[in-house]
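Enquirer: here you go, sequence then predicted model.
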Amino acid sequence: MQMMETDRLRLRNFYVMDAQAFLEYAANPRVNCFLSDKVSTMEEAALKLQNRSCEDSYIAVCLKESNALIGELFYLQEEPDTFNIGWNFNARYEGMGYARESVEAFLNYLFTQKEARRLYAYVEDDNLRSQKLCEKLDMRKEGCFIEFVSFTEYEDGTPKYENTFQYALLKREWLQKHSNRTCFE
């Protein structure tokens, strides 16, 4: 992946040396959809990042000045030109605008470099921060899937189904608002 920079951030491939910072937020997922990515040890974190370092679909979000990992962006491409996107950030960096800054650069990258026509994100109904981020990015709330998916179970072992919103954005909508922006070096 081509490294991207914003005013305060660097978006790049993961490195195994990011394992400690990755472990800090991946050890205790705050959103159920990240339970499958949960890691408990440095070894697990290093192995997961070794795999991700070879994939352009996972992008490390780092502070520009220190290169310290603070979160991640990711996508799954659905042929030919639709992408399912998501993000996960360390709680210590919430409320500073880093998620918005990085996701704006990410959307620009997907629309202009990966030729995405449509992007969408699933957001659980209790994940208010991600809902607000989608809205700030001018993503359209297209619907709510009731009891859409289960990532965890209740104490009695039955699946806990999540209500999930779908937000989406088209390339033409993005370009209308961001036609003069670029964040690539």
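Expert: Arrived safely.
Enquirer: from here on, contacts and neighbour counts on C-alpha atoms
Expert: Will do.
Enquirer: can you give me the helices for the protein?
Expert: Secondary structure of the chain (DSSP state H): helices at 19-26, 42-52, 98-112, 128-136, 171-178.
Enquirer: report all helices and strands that the third one contacts.
Expert: Helix 98-112 makes packing contacts with strand 9-12, helix 128-136 when contacts are defined by 3 or more C-alpha pairs under 8 Å, 6 or more residues apart in numbering; DSSP states H and E.
Enquirer: what sits up against the worst-scoring helix or strand of the chain on mean pLDDT?
Expert: None of the helices or strands of the chain scores lower by mean pLDDT, DSSP states H and E than helix 171-178, at a mean of 91. Helix 171-178 is contacted by residues 111, 116, 117, 118, 119 when judged by C-alpha atoms under 8 Å, 6 or more residues apart in numbering.
Enquirer: show me the residue sitting in the middle of the chain in space.
Expert: Taking C-alpha atoms, centre = their mean, the centroid of the chain lies closest to residue 87, which sits 1.5 Å from it.
Enquirer: was I right to think that residue contacts residue 61?
Expert: No: in this structure, residue 87 is not within contact of residue 61 by C-alpha atoms under 8 Å, at 9.6 Å.
Enquirer: returning to what we had before: neighbour count, distance to residue 66 and pLDDT added to the contacts of helix 171-178, as CSV?
Expert: As requested, the contacts of helix 171-178 are exported to CSV (neighbours: other C-alpha atoms under 10 Å; distance: C-alpha to C-alpha, whole Å; pLDDT from 0 to 100):
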residue, neighbour count, distance to residue 66, pLDDT
111, 22, 28, 96
116, 21, 31, 98
117, 18, 34, 98
118, 19, 33, 98
119, 23, 30, 98
